[in-house]
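>>> this one's sequence-less:
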């Protein structure tokens with residue numbers, strides 16, 4: 001619901017608003033201290049108003065902070081300390097303002113020196129609360145002597161000197177994943193701060209499985225479509241680069257998720273070394289034998305090295321988007337724009353001529369029926385298929401069971417049932433089936449991994 005989304009989104013205002021009371025309280029404390037000097041005595045008159053504004057800002061920060069806390073997997077102890085210190089901060093700020101009003105002074109008079117001591121204590125409390133907030137965001141060791149004394153690992157000057165996990169994989173995870181998966185904030189109960197934590201995994205099981213990228217939850221999440229609800233990194237954070245995806249895949253598949261592996265001591269690293277050099281910024285180019293859009297994998301030997309260019313141009317002229325993913329062999333990513341109203345029957349002659357070149361096909365949200373898609377068995381090299389938001393039925397599964405390279409199918413918001421999923425699972429090459437918002441029984445509709 002829109003109201004629910006707005007409520008959740010409002011929690012993200014907390015990092016913005018929380019800086020306002022910090023500024024106002026610090027300003028009030030500075031004005032109060034300087035007011036003890038005759039030259040700046042007039043500044044004391046502004047302190048009550050500044051505290052009032054600071055109290056309002058602190059109260060808003062508490063409200064939005066509470067909303068934000070409902071949407072994240074934060075360390076409960078640190079979160080509780082941050083909450084209590086934040087609320088206490090707002091209350092004391094409000095009481096200090098009231099102590100300066102005429103009405104309050106009728107019941108309790110607070111001397112200037114006591115007022116100043118309490119105000120300075122408020123600054124100390126604010127520092128503590130801010131530290132707890134930083135621990136929630138950046139980790140419990142964000143501002144500690146351990147970090148102060150920590151020595152950065154020296155960057156290797158050559159590929160041969162590099163350790164695969166310590167110098168390549170771990171920095172990737174630190175840069176792209178650790179903000180949400182670390183001590184103090186373990187989304188999905190997963191930490192990526194160490195290899196042991198990766199192998200232990202989270203609530204979905206081990207994050208990495210040696211030699212098996214397709215069985216590794218980390219690999220599955222980072223290679224999903226960016227629009228998928230389980231794609232990682234989430235919340236609009238920068239996705240892994242193509243080279244980083246290849247490196248992680250190689251490490252899982254060939255490096256078998258080990259640490260302490262020096263690249264110089266490893267075998268069969270011809271494909272690995274250019275990628276490591278590129279990552280470390282010491283030269284190198286992306287492996288020419290690998291497609292820029294696909295993580296490291298062996299190229300399908302059935303793919304042709306030529307294509308029918310006239311059919312390619314014809315499809316483009318009819319409004320079909322075609323991206324050439326690789327030249328040798330020729331791999332095509334074919335997309336029919338959503339709600340295009342283009343008749344698939346008019347496209348079939350050209351599609352059949354390009355059938356062996358098509359590796360990715362996206363015909364989502366075009367009101368296509370099973371009969372419109374009867375050409376699918378001809379796409380013998382198809383790896384990824386998106387047909388979500390089309391009124392296709394279980395009959396579609398008959399077209400796909402023979403495709404030996406098909407790995408992922410998106411059938412969200414279609415008319416399929418559990419029977420289609422069971423039939424598709426008979427194809428041992430299909431690794432992932434997405435069936436969100438269908439009549440598929442949840443117990444039978446789990447993704448096939």
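Right, received. Where do you want to start? Computed from a predicted model, the values in this text were never measured in an experiment.
>>> Show the low-confidence segments of the stretch 151-300 of the chain, by residue range.
For the stretch 151-300 of the chain, applying pLDDT under 70 flags the ranges 151-152, 181-188, 226-227, 235-237, 282-299.
>>> mind running it again at 80?
151-155, 157, 178-194, 201-205, 224-230, 234-238, 256-257, 281-300 (pLDDT under 80).
>>> Show me the helices in it, by range?
Taking DSSP state H, counting those that start in this stretch as the test, the helices found in the stretch 151-300 of the chain are 170-176, 195-200, 217-222, 242-253, 272-280.
>>> secondary structure element for residue 433?
In the assignment (DSSP states H and E), residue 433 maps to strand 432-434.
>>> From the contact counts, what lies against that strand?
Identification of packing neighbours for strand 432-434 by 3 or more Cβ pairs under 8 Å, 6 or more residues apart in numbering; DSSP states H and E yields strand 408-410. Every residue, glycine included, has its C-beta placed from N, CA and C.
>>> Need the helices of the stretch 151-300 of the chain in JSON lines (columns: mean neighbour count and distance to residue 379).
Converted to JSON lines, those look like this (neighbours: other Cβ atoms under 10 Å; distance: least, Cβ to Cβ, whole Å):
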{"stretch": "helix 170-176", "mean neighbour count": "18", "distance to residue 379": "33"}
{"stretch": "helix 195-200", "mean neighbour count": "16", "distance to residue 379": "36"}
{"stretch": "helix 217-222", "mean neighbour count": "22", "distance to residue 379": "23"}
{"stretch": "helix 242-253", "mean neighbour count": "23", "distance to residue 379": "24"}
{"stretch": "helix 272-280", "mean neighbour count": "21", "distance to residue 379": "30"}
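>>> give me every residue that touches the spatially closest residue to residue 215 that is not a sequence neighbour.
Leaving aside its chain neighbours, residue 215 sits nearest to residue 209 (4.4 Å; criterion: Cβ to Cβ, 6 or more residues apart in numbering). Applying Cβ atoms under 8 Å, 6 or more residues apart in numbering to residue 209 gives the contacts 215-216, 252, 257.
>>> before we move on, back to that, and the strand holding residue 433, which strands flank it?
Strand 432-434 has the following sheet partners, assigned by DSSP bridges: strand 408-410 (parallel).
>>> which helices and strands sit right next to the following helix or strand past the strand it pairs with?
On the C-terminal side of strand 408-410, the closest following helix or strand by DSSP H and E is helix 418-424. In terms of contacts (3+ Cβ pairs under 8 Å, 6+ apart), helix 418-424 is packed against helix 397-400.
>>> mind listing the strands for the chain?
Counting by DSSP state E, the chain has strands at residues 181-182, 185-186, 321-326, 331-335, 358-362, 384-386, 408-410, 432-434.
>>> can you redo these as TSV with distance to residue 401?
Output for the strands of the chain, formatted as TSV (distance: least, Cβ to Cβ, whole Å):
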stretch	distance to residue 401
strand 181-182	37
strand 185-186	40
strand 321-326	25
strand 331-335	21
strand 358-362	16
strand 384-386	13
strand 408-410	11
strand 432-434	12
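>>> And these: which comes nearest residue 27?
Residue 27 lies closest to strand 185-186 among those, at 31.2 Å (Cβ to Cβ).
>>> If we only consider the contacts of residue 209, which is nearest to residue 371?
Lowest distance from residue 371 to the contacts of residue 209 (Cβ to Cβ) belongs to residue 215, with 36.5 Å.
>>> what about that closest one, distance to residue 207?
11 Å (Cβ to Cβ, to the nearest Å).
>>> Looking at those two, which one has more neighbours?
Per other Cβ atoms under 10 Å, whichever of residue 215 and residue 207 has more neighbours is residue 207, with 27 against 16.
>>> hmm, back to that, where among the strands of the chain is average confidence lowest?
Out of the strands of the chain, strand 185-186 stands lowest, with a mean of 58 (criterion: mean pLDDT).
>>> Name all residues that make contact with residue 332.
Shown in contact with residue 332 (Cβ under 8 Å, 6+ apart): 307, 312, 322-325, 354, 357-360.
>>> For it, name its beta-bridge partners.
Taking DSSP bridges as the rule, residue 332 bridges to residue 324, residue 358.
>>> State the distance from it to residue 309.
Applying Cβ to Cβ to residue 332 and residue 309 gives a distance of 12 Å.
>>> Likewise for residue 197?
According to Cβ to Cβ, residue 197 and residue 309 sit 51 Å apart.
>>> Backbone dihedrals for the nearest residue in space to residue 254 that is not next to it in sequence, please?
Ranked by Cβ to Cβ, 6+ apart and with sequence neighbours excluded, the top spatial neighbour of residue 254 is residue 268, at 6.9 Å. Backbone torsions for residue 268, taken as degrees, to the nearest 10, come to phi 50, psi 50.
>>> I'd guessed residue 268 sits against residue 255; true?
No - here residue 268 does not reach residue 255: they are 10.7 Å apart, not a contact under Cβ atoms under 8 Å.
>>> contacting residues for residue 190?
When contacts are counted by Cβ under 8 Å, 6+ apart, residue 190 touches 181, 197, 201-204, 207.
>>> circling back to that earlier point, give me the buried subset of the contacts of residue 332.
Among the contacts of residue 332, the ones that count as buried by 16 or more other Cβ atoms under 10 Å are 307, 312, 322, 325, 354, 357-360.
>>> follow-up on the earlier one: wait, which of the contacts of residue 209 is closest to residue 96?
Distances from residue 96 to the contacts of residue 209, taken by Cβ to Cβ, are shortest for residue 216, at 54.5 Å.
>>> Do I have it right that that closest one meets residue 201?
No - contact criterion Cβ under 8 Å: residue 216 and residue 201 do not qualify, at 9.3 Å.
>>> which residues do these two both contact?
The contact sets of residue 216 and residue 201 overlap at residue 207 (Cβ under 8 Å, 6+ apart).
>>> more crowded one of these two?
Neighbours per residue (other Cβ under 10 Å) separate residue 216 from residue 201, with residue 216 holding more: 25 against 19.
>>> Can you tell me how far the more buried one is from residue 280?
24 Å.
>>> How about the contacts made by residue 389?
With contacts defined as Cβ under 8 Å, 6+ apart, residue 389 is in contact with 338, 364-365, 412-414.
>>> Also residue 248?
169, 172, 218-219, 222, 240, 295.
>>> and of these, the nearest to residue 420?
Comparing the contacts of residue 248 against residue 420 with Cβ to Cβ places residue 219 closest, at 25.8 Å.
>>> Which of the strands of the chain sits closest to residue 51?
Residue 51 lies closest, by Cβ to Cβ, to one member of the strands of the chain: strand 185-186, at 32.3 Å.
>>> Against residue 12, how distant is residue 57?
17 Å.
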